[in-house]
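Student: Below is the sequence, then the predicted model.
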Amino acid sequence: MPLFGELFVSELLKKSVLDPKGDDLGRVKDFIVVKGDPLPRLSALIVEKKKNLFQLGWEYIGIFNKRIISSRVHAIKIKPYEFTENDLLIVRDILDKQIVDANGAKVVRVNDVKLEGMNNNAYLSAVDVGVRGILRRLGIERKSEHLYRIFGKSIAHNLIRWSYIQPLEPRLSTISLTIPRQMISALHPADIADIISKVSHEEGIALFAGLDPNVAAEAIHELEPDVQKAIIQSLGNTFASDIVERMPPDEAADLLGNLPSDKAKELLESIEKRDAQDIQELLGHEEDTAGGLMTNEFIAYTPELRVTEAIEKFKIDAHSVETVYYIYIVDDNKKLIGVTSLRDMLLTSPNVLLSEIMETKLKTVTPDTNQHAVAKIISKYNLLAIPTVDRDGILLGIVTIDDILDILLPPLSKKKRRRV
């Protein structure tokens, strides 16, 4: 069963299959694929004749190339075929399916499938995701090449080898294709979210479920609320809890606030008690207030700490805080009494006390301050973050410039929180 040169599926579709006498058995309609070593291989051809479908096993194929496809058996010996969900078919299940191109952080389509011969079998060696695949299916690849040459150009080959492709779903009958997940995890969270938003609902969930928990925690906040909800509810409780624990408390509160109360409570009960308390506290505030905007992750030290000691503590504490713009100074009762910037701390003599370099003329807001009022204060005083305090001046959290940008350009994940 020789394969001569490059052979693509589009070149074989609708081609006549001849029996040993040269009579027409029908025209190629599709191909059945099974797992092979090292690549998927053709196990049978599906041929159509007079609107009836027949299955011609690969073991009965005599010649298989662009010019001739012939069978070793006569029509009487080939079996009728009915499409089933258990078979993986090239035309039905692979052509026009989407592939996540991790290198370009985009979604491309399978325009054609390349076949190669090896050990008397035909293997799926690559998918064509470029213009050539489209032109080939239209039957105008050669004419287009000639036209391109007239203008001094060429049509690029854009093939993805099958060895770089794997199904997102375990069942090949519902194949979805992607570059290995290690490459996906290396993308920016916003790019991952963009990819998930472009593939089908099931594919998006399957892709997300394969991410590293740290990457998943960064990417989920970039998704639309409905997608977030569907993904979290589809995940196992252990993985979902791991994601929530790794998220900043304010983003975790946004996520849980969009879930049914019973699911949110289940997740809160599954994570570390301290993390759950931080999230629960944020869930108690309305979203359009400083309390709804703030995060309760910040760095605060006492005034008697020396700069050199503060720097050493900062090297440890900063690992668990998403955003650090300022060091807040609090007394033994957690009351805010001052603030200093990282710049001032680094440029100051190591033995100086924080109380000597802190700014005491503070701009603060309370948890119920309207978000637009918060934005005006941050803008007016050119702040990167503003502390949120209660009536007694106790530091509760901070609203960062990122949160204010979310007001002006709200992310898709922004929504009304529900108390849990």
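Tutor: That came through, no problem.
Student: beta partners for residue 61?
Tutor: Bridge pairing for residue 61 (DSSP bridges) gives the partners residue 71.
Student: In contact with it, which residues?
Tutor: Contact criterion Cβ atoms under 8 Å, 6 or more residues apart in numbering gives 1, 45, 69, 70, 71, 72 as the residues in contact with residue 61. In this view, the C-beta of every residue, glycine as well, is placed from N, C-alpha and C.
Student: right, and the last one touches residue 20 too?
Tutor: The reference is to residue 72. Yes. Residue 72 is within contact range of residue 20, at 6.5 Å (criterion: Cβ atoms under 8 Å).
Student: okay, and the common contacts of those two?
Tutor: Common neighbours of residue 72 and residue 20 (Cβ under 8 Å, 6+ apart) are residue 62.
Student: Counting residues, which strand of this protein comes out longest?
Tutor: If you go by DSSP state E, the chain has its longest strand at strand 24-34.
Student: Can you give me the neighbour number for the closest residue to residue 10 other than its chain neighbours?
Tutor: Once flanking residues are discounted, residue 10 sits nearest to residue 137: 4.4 Å by Cβ to Cβ, 6 or more residues apart in numbering. Close neighbours of residue 137, defined as other Cβ atoms under 10 Å, add up to 19.
Student: what does residue 221 give?
Tutor: Other residues within reach of residue 221, judged by other Cβ under 10 Å, total 21.
Student: and it, that's in a strand?
Tutor: No. Counting by DSSP: H, G, I helix; E, B strand; the rest coil, residue 221 falls outside a strand, being helix.
Student: wait, doesn't it sit right on residue 249?
Tutor: No. Look at residue 221 against residue 249 with Cβ under 8 Å: they stay out of range, at 11.9 Å.
Student: Okay, helices next: where are they in the stretch 251-400 of the chain?
Tutor: Secondary structure of the stretch 251-400 of the chain (DSSP state H, counting those that start in this stretch): helices at 261-270, 273-283, 290-293, 307-317, 342-346, 354-357, 371-380.
Student: Show me which positions of the second one end up buried.
Tutor: Within helix 273-283, the residues that qualify as buried by neighbour count (16 or more other Cβ atoms under 10 Å) are 275, 276, 278, 279, 280, 281, 282, 283.
Student: Need the max-distance pair from the residues you listed.
Tutor: Farthest apart among the buried residues of helix 273-283 by Cβ to Cβ are 275 and 283. That separation is 12.6 Å.
Student: overlap in contacts of the two?
Tutor: Joint contacts of residue 275 and residue 283 (Cβ under 8 Å, 6+ apart) do not exist.
Student: Poorly predicted segments of the chain, please.
Tutor: Where the chain drops to pLDDT under 70, the residues are 1-5, 101-105, 166-182, 406-420.
Student: domains of it?
Tutor: Domains of the chain are assigned by automatic domain parsing as 185-283, 300-408.
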